[in-house]
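Engineer: just the structure for this:
(one chain, ligands or ions: 1)
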Amino acid sequence: MKRVLVTGGAGFVGSHVVDELINHGYDVTVLDNLDEQVHDDEPDYLNDVAEYVWGDVRDRELLADLLESVDAVSHHASKVGVGQSMYEVEEYVDVNTLGTARMLDVIANEKIDLERFVIASSMSAYGEGEYYCGTCEERRFPPLRDVEQLEAGEWQLLCAECDGRLDAVPTTESNPLESDSIYAISKKSQEEMCLSVGRAYDIPVVALRYFNIYGSRQALDNPYTGVCAIFSSRIKNDRPPLLFEDGEQTRDFIHVSDIARVNRLALEKDAAAGRAVNVGTGEPTSITELAEELIRRYGKEDDLSPEVTEEFRSGDIRHCYGDASLAAECLDFEAEVSLEEGLEELVSWGVESDATDNTDAAYSEMEEKGLIRGLTRHRR
Ligand code: UD1
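Structural biologist: Numbers count the residues shown, from 1 in each chain. Predicted structure coming up:
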């Protein structure tokens with residue numbers, strides 16, 4: 001395998017994948033539309049050795065042209081805001097689901113011969129993570145918490161049988177996919193379409209179910225992006241990170257350099273072909289702990305502390321962290337970067353980067369649409 005098409009290769013994750021592949025001797029073609037929500041301009045970190053094509057993943061002719069000349073695809077181009085997807089429904093389905101459908105359509109009809117197709121999926125496809133009820137002594141796969149429960153300030157997942165509180169356990173790939181936001185549904189559809197077309201035309205497809213990715217090149221100005229970038233821009237602008245719920249919800253934070261490496265392994269290891277694989281660290285971290293750690297690393301601990309809002313976002317899950325054993329088994333992959341090392345890398349890049357804090361306007365917009373609600377109205 002020589003040339004890989006990396007869609008979204010100018011973005012946060014894609015650009016790290018491009019560097020990793022070039023460092024390991026691959027030729028890379030990037031397809032990226034420089035989405036203005038993420039980029040003001042061409043980013044300065046673009047790898048000089050890659051070939052860049054500025055265009056849209058929905059452009060059929062362009063796709064046909066590019067796919068003819070590559071041996072493999074690493075597909076990252078995507079809209080990524082969970083909340084935003086609930087009111088930009090058409091746009092999310094168009095870019096994520098239809099963009100991927102079009103690529104698969106070209107592959108099927110133009111008889112494109114690919115040695116590998118890697119699709120960026122997400123743990124969001126699971127909906128809630130996996131839990132255990134200590135009273136019933138049973139595993140549980142609960143649905144999202146309903147609004148009445150959240151309005152009563154009961155943040156924990158409760159057992160449908162005994163009403164007791166559930167404990168989060170590592171989520172395995174066999175967990176049902178109960179996607180419950182348009183973004184999550186689009187990721188699930190991307191994953192399933194790629195695996196299905198791969199089976200039909202003998203193309204080895206690997207779906208990587210990323211947990212929460214963080215690191216340098218996250219779009220700090222984008223208020224619809226992940227929590228590490230949002231908190232970074234709040235802290236840099238001397239404003240407290242806002243914690244939804246009680247701040248004790250957890251996520252599995254994985255550094256982008258580990259994600260770049262797993263993408264290369266997914267192109268190289270045969271055992272993962274035809275499978276969807278979790279890519280996480282297997283370690284949960286609470287959002288409060290994350291906020292405190294970031295404040296400390298930006299050197300603002302004397303001035304700032306996280307603010308619990310008791311607000312909640314529609315579609316948010318409470319806990320989800322990945323069982324990492326399948327990735328170890330079929331991709332020979334284990335996350336290597338600790339949260340301490342990873343946050344150090346994010347912050348040393350973040351202090352040098354511009355960051356306008358756009359969260360107030362974005363959160364007010366989401367509030368207006370009923371996508372952020374609260375026990376008390378939080379003043380912005
Ligand atoms: C994130 C990504 C999604 C990706 C998934 C798995 C975004 C917007 N979402 O979803 O694309 O597929 O991980 O990799 O990048 N929180 C606060 N205050 C804030 C912002 C968030 O308390 O200002 C909390 C949220 O309530 C949530 C947690 O932080 O509990 C994580 O939120 P977020 O970073 O948006 O990620 P996910 O929804 O997990």
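Engineer: by contact count, what packs against the helix or strand encompassing S348?
Structural biologist: Assigned by DSSP states H and E, S348 belongs to helix 339-350. Counting contacts by 3 or more CB pairs under 8 Å, 6 or more residues apart in numbering; DSSP states H and E, helix 339-350 is packed against strand 212-214, helix 227-236, strand 253-255, helix 287-297. Where C-beta positions appear, they are placed from N, C-alpha and C, glycine not excepted.
Engineer: please enumerate the helices of the stretch 251-380 of the chain.
Structural biologist: All helices of the stretch 251-380 of the chain, identified by DSSP state H, counting those that start in this stretch, fall at 256-268, 287-297, 325-331, 339-350, 359-368.
Engineer: re the thing from before, for G11, which of the helices and strands packed on helix 339-350 is the nearest?
Structural biologist: Proximity of the helices and strands packed on helix 339-350 to G11 was assessed by CB to CB; the nearest stretch is strand 212-214, lying at 11.1 Å.
Engineer: gap between that closest one and the chain center?
Structural biologist: 6 Å (CA atoms, centre = their mean, to the nearest Å).
Engineer: E292: neighbour count?
Structural biologist: Using other CB atoms under 10 Å, E292 has 17 other residues around it.
Engineer: what backbone torsions are found at the residue nearest to it when sequence neighbours are not counted?
Structural biologist: Leaving out its chain neighbours, the residue that sits closest to E292 by CB to CB, 6 or more residues apart in numbering is P306, at 6.4 Å. For P306, the backbone dihedrals are phi -60, psi 150 (criterion: degrees, to the nearest 10).
Engineer: do the one 10 residues further on as well
Structural biologist: The phi and psi values for D316, taken as degrees, to the nearest 10, are phi -70, psi 140.
Engineer: can you give me the neighbour number for it?
Structural biologist: Around D316 there are 19 residues (other CB under 10 Å).
Engineer: report the contact partners of the closest residue to it other than its chain neighbours.
Structural biologist: Sequence neighbours aside, F244 is the residue nearest to D316 in space, at 6.7 Å (criterion: CB to CB, 6+ apart). Counting by CB atoms under 8 Å, 6 or more residues apart in numbering, F244 touches I287, T309, E311, F312, R313, D316, I372.
Engineer: quick check: the second one touching L242?
Structural biologist: Yes: with contact defined as CB atoms under 8 Å, T309 reaches L242; the gap is 5.2 Å.
Engineer: how about the contacts made by the closest residue to S257 other than its chain neighbours?
Structural biologist: Excluding the flanking residues, the one nearest S257 by CB to CB, 6+ apart is V337, at 5.9 Å. Going by CB under 8 Å, 6+ apart, V337 touches I254, H255, S257, D258, E345.
Engineer: equivalent analysis for G129, please.
Structural biologist: G129 neighbours (CB under 8 Å, 6+ apart): M123, A168, V169, T171, N175, I317, R318, H319, C320, Y321.
Engineer: among the residues you listed, which are in reach of the ligand?
Structural biologist: For the ligand, the contacts drawn from the contacts of G129 by CB under 6 Å from any ligand atom are M123.
Engineer: may I see the ChimeraX selection of the buried members of the contacts of G129?
Structural biologist: With 16 or more other CB atoms under 10 Å as the criterion, this ChimeraX line picks the buried residues out of those:
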select :123,168,171,175,317,318,319,320,321
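Engineer: look at Q37 and say how many residues are nearby.
Structural biologist: Number of residues near Q37 (other CB under 10 Å) recorded here: 14.
Engineer: ends of stretch 144-154, what's the gap?
Structural biologist: This stretch, stretch 144-154, spans 13 Å end to end (CA to CA, to the nearest Å).
Engineer: find the closest residue to the ligand in the stretch 1-150 of the chain.
Structural biologist: Of all residues in the stretch 1-150 of the chain, S122 sits closest to the ligand, at 3.2 Å by CB to the nearest ligand atom.
Engineer: the longest helix in the chain is where?
Structural biologist: helix 182-201 (DSSP state H).
Engineer: what residues of it count as buried?
Structural biologist: Quick answer for helix 182-201 (16+ other CB under 10 Å): 182-195, 197-198, 201.
Engineer: surely T359 touches N237?
Structural biologist: No: taking CB under 8 Å as the definition, T359 is not a contact partner of N237, at 9.4 Å.
Engineer: contacts only, for P241.
Structural biologist: P241 makes contacts with I230, F231, R234, I235, A291, L294, I295, L304, P306, E307, as judged by CB under 8 Å, 6+ apart.
Engineer: so who does the third one touch?
Structural biologist: The neighbours of R234, taking CB under 8 Å, 6+ apart as the test, are P240, P241, L242, D357, T359.
Engineer: let's go with 7 Å and repeat that
Structural biologist: P240, P241, D357, T359 (CB atoms under 7 Å, 6 or more residues apart in numbering).
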